[in-house]
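Engineer: The following block contains a protein sequence and its predicted model.
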Amino acid sequence: MVKTKEEGGDLPGAWSAYGKLLQHLRKRAGLNQQELGEAIGYSLEQVASVEQGRRPAKAAFTVAADRVLEAGGVLEALQDEVDRAKLPRFFRDFALLEAEAVSRFSYDPLLIPGLLQTEAYAQTLLEAHFPPLDDETIEQRVAARLARQALLARKSPPMVFVFIVEEGALQRVVSSKAVMREQLARLLSCSRMRNVELQVMPTTQGAHSGLNGPMVLLESTDRRQHVYVEAQDVVTVRSDRDEVSEFWLRYGMLRTQALNTEESSRLIERMAGEL
């Protein structure tokens, strides 16, 4: 049985399903793997790996294959599932909830949240993972993290975001000053989106209820609420009404203690200028 290097388990079923469909469409079109690869700009080995479910198809691969094979968008319809399967196993169920949410409120005490990370920032964090991840796993996880960021611009239905980030997370120089300047610029760009609010929790605030750890609060289209808590790859998801209510109350207090959006933007601008 094939094992992933990162988890020691089966390769994601979404990759296998996509590969089988790709193979079916290719044969229906009367092409071999070499011919399909030449038509879409990929090598024989890459096409074979995707068909065998050993490698996930990238969006560009999918768009080209869908066009050449006249698939009518069926491959593109699977792309989100293929991308989601690149995420760590412990995170995938939450990613499904997140993809269906209409609001997402989060508090991050240590790092800039994944939905706001630049590629360089995310790459550095994953390279620092221990035990070390192999290069292919790092590449896949970076791609998956960046793909999730499409939620910020989703229009149907639109999604509302509130991010509270500790000032200390912005002060941590991940990789280099250049990477952090780019990262802080990314935060400012996202904060200008009409559906995104970014607040910084100043270190001068001292003790507050967020110091118990990070949290993500989700609300779905049918108004169901969930709380996601992660620490050291250990995940807890809660949907019990009483438990969730306590987290929402706690988050409301954090919003009153953090800098408002205008103050937060000015602080980020100042920090970027000092790098």
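Structural biologist: Arrived safely.
Engineer: OK, contacts around Gln205?
Structural biologist: 257-258 (Cβ atoms under 8 Å, 6 or more residues apart in numbering). Where C-beta positions appear, they are placed from N, C-alpha and C, glycine not excepted.
Engineer: Phi, psi for it please.
Structural biologist: phi -70, psi -30 (degrees, to the nearest 10).
Engineer: per-residue confidence at it?
Structural biologist: pLDDT recorded at Gln205 is 93.
Engineer: mind listing the helices for the chain?
Structural biologist: 13-28, 33-40, 44-51, 59-68, 74-84, 89-99, 119-127, 135-148, 167-171, 177-191, 241-257, 261-274 (DSSP state H).
Engineer: can you put those helices in CSV and add distance to Asp233 and mean pLDDT?
Structural biologist: Listed next are the helices of the chain as CSV, based on distance: least, Cβ to Cβ, whole Å; pLDDT from 0 to 100:
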stretch, distance to Asp233, mean pLDDT
helix 13-28, 21, 93
helix 33-40, 36, 95
helix 44-51, 27, 93
helix 59-68, 27, 93
helix 74-84, 17, 89
helix 89-99, 6, 84
helix 119-127, 13, 97
helix 135-148, 12, 91
helix 167-171, 19, 96
helix 177-191, 23, 97
helix 241-257, 21, 94
helix 261-274, 29, 97
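Engineer: For Gly206, find the nearest of those helices.
Structural biologist: helix 241-257 (9.5 Å; Cβ to Cβ).
Engineer: List the contacts of the closest one.
Structural biologist: Counting by Cβ under 8 Å, 6+ apart, 105, 107, 162, 164, 199, 201, 205, 208-210, 215, 217, 225-227, 238 sit against helix 241-257.
Engineer: Drop anything exposed from the residues you listed.
Structural biologist: With burial judged by 16 or more other Cβ atoms under 10 Å, the buried subset of those is 105, 107, 162, 164, 199, 201, 205, 208, 210, 215, 217, 225-227, 238.
Engineer: Closest to Leu69 out of these?
Structural biologist: Looking across those and measuring by Cβ to Cβ, the closest to Leu69 is His226, at 38.2 Å.
Engineer: how near is the nearest residue to the closest one once chain neighbours are set aside to Ala120?
Structural biologist: Excluding the flanking residues, the one nearest His226 by Cβ to Cβ, 6 or more residues apart in numbering is Leu218, at 4.6 Å. Look at Leu218 and Ala120: by Cβ to Cβ, to the nearest Å, they are 28 Å apart.
Engineer: swap in Pro12?
Structural biologist: 26 Å.
Engineer: likewise Leu97?
Structural biologist: 28 Å.
Engineer: what do you get for Val229?
Structural biologist: Val229 sits 27 Å away from Ala120, going by Cβ to Cβ.
Engineer: In terms of neighbours, single out the busier of those two.
Structural biologist: Taking other Cβ atoms under 10 Å, Val229 and Ala120 do not tie; Ala120 has more neighbours (18 against 15).
Engineer: Would you agree that one is in contact with Met180?
Structural biologist: No. Using Cβ atoms under 8 Å, Ala120 is not in contact with Met180; the gap is 9.4 Å.
Engineer: Based on its surroundings, how many neighbours for Ala150?
Structural biologist: 12.
Engineer: and if you look at Gly73?
Structural biologist: By the measure other Cβ under 10 Å, the count of residues near Gly73 is 11.
Engineer: repeat for the one 4 residues further on
Structural biologist: Neighbour count of Ala77, defined by other Cβ under 10 Å: 13.
Engineer: Ala17 versus that one, what's the distance?
Structural biologist: 12 Å.
Engineer: How about Leu217?
Structural biologist: Counting by Cβ to Cβ, the gap from Leu217 to Ala17 is 32 Å.
Engineer: Report the two of the contacts of helix 241-257 separated the most.
Structural biologist: Longest span within those, Cβ to Cβ: Gln205 and His226, 26.7 Å.
Engineer: residue contacts, Leu184?
Structural biologist: 170, 268, 271-272, 275.
Engineer: Could you turn the buried ones of those residues into a ChimeraX selection?
Structural biologist: Selecting only the buried entries of the contacts of Leu184 in ChimeraX, with 16+ other Cβ under 10 Å as the criterion:
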select :170,268,271,272
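Engineer: Throw the contacts of Leu184 into TSV and include distance to Pro131, thanks.
Structural biologist: As requested, the contacts of Leu184 are arranged in TSV below (distance: Cβ to Cβ, whole Å):
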residue	distance to Pro131
Leu170	28
Ile268	34
Met271	33
Ala272	34
Leu275	31
